[in-house]
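*Asks:* Got a sequence here, can you build the structure:
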Amino acid sequence: MKHGPEIRKTFATIIVLAATAAAAAPAPASPPPAAEWIPADAIAVLEIAKPGALLDPLLDPGLAASVATWPAYQKLATRPQFQQFLGIVRYVELVIGTDWRTGLRKLFHGGITLAVTPGEANLLIIDAEEAAILQKIHETFLGFARAEATKRNEPDRVGSKQVGDATVWWLGPDEAHAIIGSRLVLSNKPALLEKALAMRAGSQDPRLSAVPGYIAAREAAGPDAAAAVFVNLALLKMHPPIAQALAGTRNPMASLLLAGVMEALRGSTWLSLGLRTEKSGIALEAAVDGKADATTGAAAFALAGGSGGGAWPNLAVPRRIAAVSLYRDLHRFYAAKDTLFPERTSELIFFENMMGIFFSGRNLTEEVLAETKPEIRIVAAEQVYDPAIGTPRTRLPAFALILRLRDAQSFDEVMEEAWQKALGLINFTRGQKAQPGLIIDKPVQGATKFTMAYFSTVSASRAGSDDIFNFRPSLAMPADYVILSSTEALARDLIDALDREAKGSRDPVKDTDGLIEIDGAHLASILASNEEAMIRQNMVEKGNTRNDAELAIETLLAVARSVTGATLRTGTKDGSPRVRLEIGLNPPPPPPSPPAAKETP
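*Replies:* The predicted model follows:
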């Protein structure tokens, strides 16, 4: 005991010296940006700079509790492979000394970068919170790999070698990795990993961080993006299928819907995507360096430019599933057909001849499409079926096309004649097959008298089981609009919606050429009403067993129910296309509270 004071004094001195040394020692240097270790010829790069923004919602206990109630999850949980996976997770938790949620947050704390390079070579860089967790995970999977190699009698399947001051490990034929401090570098091609390590060591190989296109794309994504994607379009367009898709055979419908975007892509050298998390969901914005000419370019028919025009707000109707509003000059579009898709001339001649029948020989470009304004709106909605008819086996949504006319007074009868000719052709074709035809009626909605056709149920043995009863095709022309609807009910709803719009003061959406909106609840509802039909289709088309098909469809339904809605906007600003996708998500319910402890008497 007489040495007690000296021991305490010595111990205190050691603590002071250790603390002083720790304070004086430099903190471990942060690794350079991952782009410094990626070759300049990378085709695409995904960077998750703020993994917490994406992980926190996914790792929310309430979400886990909600997913556990999904029928698809409960079926999956009974499978031996899933139980085996859970066993591996529990073992890894034991090794790293924490639960898997905390482990993921620590593992991905500093960010994730995935690069795709030529030759199907991929490079993954993960910056962990600390080196210790990487070492523990490495040792765990090293043990698994060695056991597998022994089982296969392939001792060379697992090994390591020294590359500079780094140890490169491989745990199989298509995997190689190295741990440098708190950074894990992994590739499916050892040569690519060694190239990354050489750049780390100071080699003069061109690197991604110095590529002008990457710098511009990263700036376009913005510093606040939780994740960003860079695509080197200049390199990608050297791949023949991609080049053909952008500049070769062109689909008329794709040209109509995506004209401005496609024109800009053809002249772009890079593409940037920026992902942001928002309170109610996520938002994805796209940017390219190419331009779309709103005056004389091939896609000018789809660009409002500085004309003050643009896509109109979508129409609101009951049970709406989706709505599309486009600024598209159909006259200008079809007049440029030889430039847009010259290889389809023969098909277009056939199409024009068919339209000539319906429109009594009028020129499709100058006498039909020239009568439409550059406003196109499409609506899809759930149906409510007449109990007297019954519910068809497959429940299809109602859908409608809404166009605006330049001179409705002189063109209304032209449209009515074409519509009735189309109905007559349908009746003639069905009559040849001894099938019931359409009966024309003239109901009234508000101040609008419109044309509706329906299938008779008199000769049907089980009318409600026939899919034709999804349709009551209708033509309505309120004010200066034309409504082509698959059902009478949707036509009535749209007449009312256009009447409300006319009484308001709505204007085109600024800087927007396209607006697509989806209602998650009604989308999930229409999918659920056709669940059995989708299961059978999955079994036929993919060859799945019924259990596998049920699992796939139930997963789809669960995902659909978790989405409140989605909005896609396209437009141009200063000649550059702008595309923004917003997805609203239902917040996960709170996790169930633990049972209250019973009081001890």
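*Asks:* Select the longest helix from this structure.
*Replies:* In the chain, taking DSSP state H as the definition, the longest helix is helix 408-432.
*Asks:* For that helix, which outside residues touch it?
*Replies:* 357-360, 362, 368, 371, 405, 436-438, 440, 451, 453, 473, 475, 477, 479-482, 484 (Cβ atoms under 8 Å, 6 or more residues apart in numbering). Where you see a C-beta, it was placed from the backbone N, CA and C, and this is true even at glycine.
*Asks:* For the very next helix or strand once past that helix, which strands pair with it and how are they oriented?
*Replies:* Next in sequence after helix 408-432, counting helices and strands by DSSP states H and E, comes strand 438-441. Sheet pairing for strand 438-441, assigned by DSSP bridges, gives strand 451-455 (antiparallel).
*Asks:* distance between the partner strand and the chain's centre?
*Replies:* 37 Å (Cα atoms, centre = their mean, to the nearest Å).
*Asks:* Specify the angle between it and helix 408-432 in degrees.
*Replies:* 10 degrees (axes from the mean of the first three to the mean of the last three Cα atoms, to 10 degrees).
*Asks:* mind listing the strands for the stretch 301-450 of the chain?
*Replies:* Under the criterion DSSP state E, counting those that start in this stretch, the stretch 301-450 of the chain contains strands at 320-326, 372-381, 398-405, 438-441, 444-445, 448-449.
*Asks:* Using TSV, lay out the ones you listed together with mean pLDDT, distance to Gln135 and mean neighbour count.
*Replies:* Below are those laid out as TSV (pLDDT from 0 to 100; distance: least, Cβ to Cβ, whole Å; neighbours: other Cβ atoms under 10 Å):
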stretch	mean pLDDT	distance to Gln135	mean neighbour count
strand 320-326	96	50	22
strand 372-381	95	54	22
strand 398-405	96	58	20
strand 438-441	94	73	15
strand 444-445	96	72	14
strand 448-449	95	74	16
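*Asks:* Under the pLDDT cut-off, which ranges of this structure? List them.
*Replies:* Low-confidence segments of the chain (pLDDT under 70): 1-29, 247-250, 297-298, 305-308, 343-345, 458-465, 588-601.
*Asks:* how close does Asp338 get to Arg328?
*Replies:* Using Cβ to Cβ, to the nearest Å, Asp338 is found at 18 Å from Arg328.
*Asks:* Show me which of the two is the more surrounded one.
*Replies:* Arg328 (22 against 10; other Cβ atoms under 10 Å).
*Asks:* what number of residues lie near the nearest residue to Leu142 once chain neighbours are set aside?
*Replies:* Among residues not flanking Leu142 along the chain, Leu171 sits closest, at 6.7 Å (Cβ to Cβ, 6 or more residues apart in numbering). Residues within reach of Leu171, counting by other Cβ under 10 Å, total 21.
*Asks:* likewise Leu124?
*Replies:* 17.
*Asks:* What strands line up against the helix or strand encompassing Ile126, and which way round?
*Replies:* Per DSSP H and E, Ile126 falls inside strand 121-127. As defined by DSSP bridges, the strand partners of strand 121-127 come to strand 111-117 (antiparallel), strand 183-187 (antiparallel).
*Asks:* And the strands in the stretch 101-250 of the chain?
*Replies:* 111-117, 121-127, 159-163, 166-172, 175-180, 183-187, 227-232.
*Asks:* Would you reformat those as TSV and include distance to Asp205?
*Replies:* Shown next, in TSV, are the strands of the stretch 101-250 of the chain (distance: least, Cβ to Cβ, whole Å):
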stretch	distance to Asp205
strand 111-117	12
strand 121-127	13
strand 159-163	15
strand 166-172	16
strand 175-180	17
strand 183-187	15
strand 227-232	16
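*Asks:* Tell me the secondary structure of the closest residue to Thr448 other than its chain neighbours, please.
*Replies:* Take Thr448 and drop its neighbours on the chain: the residue closest to it by Cβ to Cβ, 6+ apart is Pro478, 4.3 Å away. Three-state assignment for Pro478 (DSSP: H, G, I helix; E, B strand; the rest coil): coil.
*Asks:* need the contact list for Pro478.
*Replies:* Gly446, Ala447, Thr448, Ile495, Leu498, Asp499.
*Asks:* try Asp127
*Replies:* Asp127 neighbours (Cβ under 8 Å, 6+ apart): Pro31, Ala34, Phe108, His109, Gly110, Gly111, Ile112, Ser182, Arg183.
*Asks:* how's the protein carved up into domains?
*Replies:* 34-210, 312-507 (automatic domain parsing).
*Asks:* Quick one, which of these gets closest to Ala528.
*Replies:* Of all these, domain 312-507 sits nearest to Ala528, with 9.9 Å by Cβ to Cβ.
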